[in-house]
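A.B. asks: sequence first, predicted model second:
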Amino acid sequence: MISDRLKKLRNERGLTQQQVASDLGVSQPNYRRWEAGERKPKQTTLEKLADYYQVSVNYLTGNTELRDIEFFTNYDSYLKDIHIQSFELGKLLNSNIELLINSITEQKKSGNLTDAEYRQLLNIVIDNTLHLFDKVAKEEMKKGLTDYINRLSENFLDNKN
């Protein structure tokens, strides 16, 4: 699989084996052996080849049909964005929880709530907050993953044609 991919990528760029070997700092006979399937490049060399051809190592090794390394980079970036959004949502919920707990505590201090009512209201606030956060986070993750999978499948179909 590696040999086919290397030859295809080199030919798409109109390069000779000598040009690629020279660019990578390897001998032309070594590169020829990789393309002929006589030898497999080491992991570090696979990474250099992937960088050189701007594809993922997984594409070179035949583990995926997805060439575009940006999708993997974008996915990491997307996960970071989700984390930041979740953190911001958490801060917002935290400030609202504080307001509710302070209000409930003031009611308790003023004698308007029994110990049991106080604990019950605190549990309700915590349970509802956790439920809301869980629902929002799942919806965001589901939407993001759906978008990502749609882009992957579009890219895969484009590469097949």
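C.D. replies: Okay, I see it.
A.B. asks: what's the average pLDDT for the one helix or strand residue 119 maps to?
C.D. replies: Element membership for residue 119, per DSSP states H and E: helix 115-160. For helix 115-160, mean pLDDT rounds to 75.
A.B. asks: which residues in the chain form helices?
C.D. replies: Using DSSP state H, the helices found in the chain span residues 2-12, 17-24, 28-36, 43-53, 57-60, 69-109, 115-160.
A.B. asks: most packed of those helices?
C.D. replies: Mean neighbours per residue, mean count of other Cβ atoms under 10 Å, is largest over those for helix 57-60, with a mean of 19. For the C-beta atoms, the positions are set from N, CA and C on the backbone; glycine is no exception.
A.B. asks: show me what it is packed up against.
C.D. replies: Under the contact criterion of 3 or more Cβ pairs under 8 Å, 6 or more residues apart in numbering; DSSP states H and E, helix 57-60 touches helix 2-12, helix 43-53.
A.B. asks: hang on, isn't residue 39 packed against residue 29?
C.D. replies: No - with contacts defined as Cβ atoms under 8 Å, residue 39 does not count as touching residue 29, sitting 10.0 Å away.
A.B. asks: got the phi/psi numbers for residue 15?
C.D. replies: Phi and psi for residue 15, reported as degrees, to the nearest 10, are phi -100, psi 160.
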